[in-house]
Every structure is written in structure tokens, then in C-alpha cells.
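Enquirer: Return atomic coordinates for the entry below.
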Amino acid sequence: MTENEKYLVENYKTICYNVNEASAKYADGRKVRIMGVTKTVDPQLVNRSIDLGVDLLGENRVQEYLSKKDIYKPCEVQFIGNLQTNKIKYIIDSVSMIQSVGTLPLAQAIDKQAGKHGKVMDILVQINIGSELTKGGFEKEQTDEAIYAIEQLKNVRVRGLMTIPPPGCGEDVFDSMHRLYLDMKENHDHSGCFDTLSMGMSGDYVTAVKHGSTLVRVGTALYGARIYKK
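Expert: I've put the predicted structure just below:
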């Protein structure tokens, strides 16, 4: 076993322990999925994480994903990064969900491509909970209207909300996002499928679980520091 693999094993054990402990303490044992975020990660290391029990991968970049997806062992993959409408067609048949839907035109483009492939694509509505200029997503106050508009599309299904809280923000931001999720679930859960709050990354996933997250996205905490390639 390489040093990277040993590091991965210990990291995964730690993350599972922390998530399970937080879920038991704050959420009555609510099931929380752990997503391995694979940006810049060697596919062989990703496969080792799948061997350990990671059953959900998060991809940020279409081109990188296409170069790696045939190397991966069987595993569910969701897209979590910024998505250009002209690249939807390349991933529509191989990802189970698109989490980063932060505009109505993107939702409409996904709907169009899903219709061409005879499928309904699960999506999450991305919320810019900190109103940050550098991040995409709907403003909190736009959420209800945005979901209603997306619900009119035939080939997408809103499964919940996704957010990236501002770095170093207080727990009140996480709590605000959780309350928004519960409100939207009450207003829009017409078929029992509004079940996902994707919130929490490597530095704040325990706080996210405490405040209602059902899915945490961990990259650096699992695979180690990213190595960026030109």
C-alpha cells in the first residue's frame, strides 16, 4: 500500500466517524451521504476510495470527468461544478444528478437535453446563501419562485437544494439554509422526492451535518491537497 493510500484509508475512517457521530448527536441518526470530490485526483486513488466504501463521486469539470470516467470502477457520479449549457450533452447520460443548477436557463437547457435522451434528470437548486458576488446560484429570496418555474419543466426533477456557505461563516448561515430547505420541502415536496440538502465541504462538513445536511462533499479531507495541472 502506498503512502497516499494509507493516508486515504485514515482520512476515510475519520470522515465516516465524524459524520456518524454528528448525525447521531444532532440528527437522530439521519442518513448522511459522503461524496468524494475528485477534482485533480488520480483516478487510481479514486478507485481505491471506492474499494473502501465511497459510493458517490462529485465531478467539477466536464473535460476532466470525460477523461477519467471510463477508468473509474462502478460508482454513482453527480456533477457539482459550474456547467456550461453547451456541455450538458456530454454528461447527461452518465451522471445521476446535476447539483449546481443556479439559473433558470441552465435548468431549461438540462430539460432539453434530458428530453432528447428520454430521461428525467435529477437536479438540486443551487442557493447563494451568502449573497457572494463570486458564487453562482439563486438568492435566498428567489428560491420559491425559482423552484416553481423549474417544476414546470417535464424532464428535470428537483430533489432539493445545494449551497456553498461563505468560508468562516457562523452557524447561523447553516441554520438559515436548513430552514430554507425545510420550507421548500414543505412547499414543493409533491411526490416525496425532495430529500436532499447538499451542504458542507472538507472544512465544515460536521457543522453542515449538525444543521441538516443530507450530503457532504469532501475532497481535500479525503484525498489530500489538490495538485493543479496546467
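
Enquirer: what about the protein, any weak spots by pLDDT?
Expert: Applying pLDDT under 70 to the chain flags residues 226-230.

Enquirer: now the helices: where do they sit in the chain?
Expert: Ranges of helices in the chain, per DSSP state H, are 3-26, 43-52, 62-68, 88-91, 104-116, 143-151, 171-188, 205-210, 220-223.

Enquirer: possible to save the ones you listed as JSON lines with distance to Phe194 and mean neighbour count?
Expert: (Glycine included, C-beta is placed from N, CA and C.) Output for those, formatted as JSON lines (distance: least, Cβ to Cβ, whole Å; neighbours: other Cβ atoms under 10 Å):
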{"stretch": "helix 3-26", "distance to Phe194": "20", "mean neighbour count": "15"}
{"stretch": "helix 43-52", "distance to Phe194": "28", "mean neighbour count": "17"}
{"stretch": "helix 62-68", "distance to Phe194": "26", "mean neighbour count": "16"}
{"stretch": "helix 88-91", "distance to Phe194": "22", "mean neighbour count": "17"}
{"stretch": "helix 104-116", "distance to Phe194": "15", "mean neighbour count": "18"}
{"stretch": "helix 143-151", "distance to Phe194": "9", "mean neighbour count": "16"}
{"stretch": "helix 171-188", "distance to Phe194": "5", "mean neighbour count": "16"}
{"stretch": "helix 205-210", "distance to Phe194": "18", "mean neighbour count": "23"}
{"stretch": "helix 220-223", "distance to Phe194": "27", "mean neighbour count": "22"}
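
Enquirer: Ok, which of those comes nearest Ser131?
Expert: helix 171-188 (10.5 Å; Cβ to Cβ).

Enquirer: and the helices of the chain as JSON lines, adding distance to Gly130?
Expert: Conversion of the helices of the chain to JSON lines gives the following (distance: least, Cβ to Cβ, whole Å):
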{"stretch": "helix 3-26", "distance to Gly130": "22"}
{"stretch": "helix 43-52", "distance to Gly130": "30"}
{"stretch": "helix 62-68", "distance to Gly130": "26"}
{"stretch": "helix 88-91", "distance to Gly130": "27"}
{"stretch": "helix 104-116", "distance to Gly130": "20"}
{"stretch": "helix 143-151", "distance to Gly130": "14"}
{"stretch": "helix 171-188", "distance to Gly130": "6"}
{"stretch": "helix 205-210", "distance to Gly130": "14"}
{"stretch": "helix 220-223", "distance to Gly130": "20"}
